[in-house]
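[1] attaching a predicted model along with its sequence, questions to come.
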Amino acid sequence: MKLTESRIKEIIREEVENAQQPENAEQKPEDQTKTIQQLKAFLLNLSKQVTQIKGADAAEVKAIADLIVKMLKAIPQGQVARHIKYADDQLTKKLGESNER
């Protein structure tokens, strides 16, 4: 199956809309909604920038889309932040960048 930019955008939109924040007693419902809305806006903005990506082959594009989908599917199952952090650390090492933000 050929994964096109428009299909990636569609997958991201679908998964963001379907992703559910895990219940957290310390976080107020309106805070959860704000966080999800911010994530949605962030991902939509990134999807607009996909056309500017140069040098990505089909395998890389598919891997990125698959990783995003897996992360969003994992959210309702509990804390995945440490796993995402590990992946981020590995990519940071590969790119030779500082992990400070």
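    On my side now, so go ahead. Bear in mind the structure is a predicted one, so any value in this text is a computation, not a measurement.
[2] now the residue positioned nearest the centre of the chain: how far from Gly96?
    Closest residue to the average C-alpha location of the chain: Ile68 at 4.2 Å, with CA atoms, centre = their mean. In this view, Ile68 and Gly96 are 23 Å apart by CB to CB, to the nearest Å. The C-beta positions use only the backbone N, C-alpha and C, and glycine is treated the same way.
[3] lowest average confidence, helix or strand, in this structure?
    Scoring the helices and strands of the chain by mean pLDDT, DSSP states H and E places helix 5-18 at the bottom, with a mean of 76.
[4] please state the backbone phi and psi of the residue nearest to the centre of the chain?
    phi -60, psi -50 (degrees, to the nearest 10).
[5] how many residues are close by the closest residue to it other than its chain neighbours?
    Excluding the flanking residues, the one nearest Ile68 by CB to CB, 6 or more residues apart in numbering is Ile12, at 6.1 Å. The number of residues packed near Ile12 is 21, by other CB atoms under 10 Å.
[6] what sits against Ile12?
    Residues in contact with Ile12 (CB atoms under 8 Å, 6 or more residues apart in numbering) are Leu43, Leu46, Ser47, Ala65, Ile68.
[7] against Val61, how distant is the last one?
    What that stands for is Ile68. 11 Å.
[8] ok, Ile8 next?
    Counting by CB to CB - Ile8 and Val61 are separated by 7 Å.
[9] convert the longest helix anywhere in the chain to CSV, retaining C-alpha atoms only.
    The helix that spans the most residues within the chain, counting by DSSP state H, is helix 29-49. C-alpha atoms of helix 29-49 as CSV (Å, rounded to 0.1, in the frame of the first residue of the first chain):
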residue,chain,number,x,y,z
PRO,A,29,-11.9,17.6,33.0
GLU,A,30,-11.5,21.1,31.5
ASP,A,31,-7.7,20.7,31.8
GLN,A,32,-7.9,17.4,29.9
THR,A,33,-9.9,19.0,27.2
LYS,A,34,-7.5,21.9,26.9
THR,A,35,-4.6,19.5,26.6
ILE,A,36,-6.3,17.4,23.9
GLN,A,37,-7.3,20.6,22.0
GLN,A,38,-3.7,21.8,22.1
LEU,A,39,-2.4,18.4,20.8
LYS,A,40,-5.0,18.5,18.0
ALA,A,41,-4.0,22.0,17.0
PHE,A,42,-0.3,21.1,17.2
LEU,A,43,-0.7,18.0,15.0
LEU,A,44,-2.9,19.8,12.5
ASN,A,45,-0.2,22.5,12.2
LEU,A,46,2.5,19.8,11.7
SER,A,47,0.4,18.1,9.0
LYS,A,48,0.4,21.3,7.0
GLN,A,49,4.2,21.3,7.1
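[10] good, we can wrap up now.
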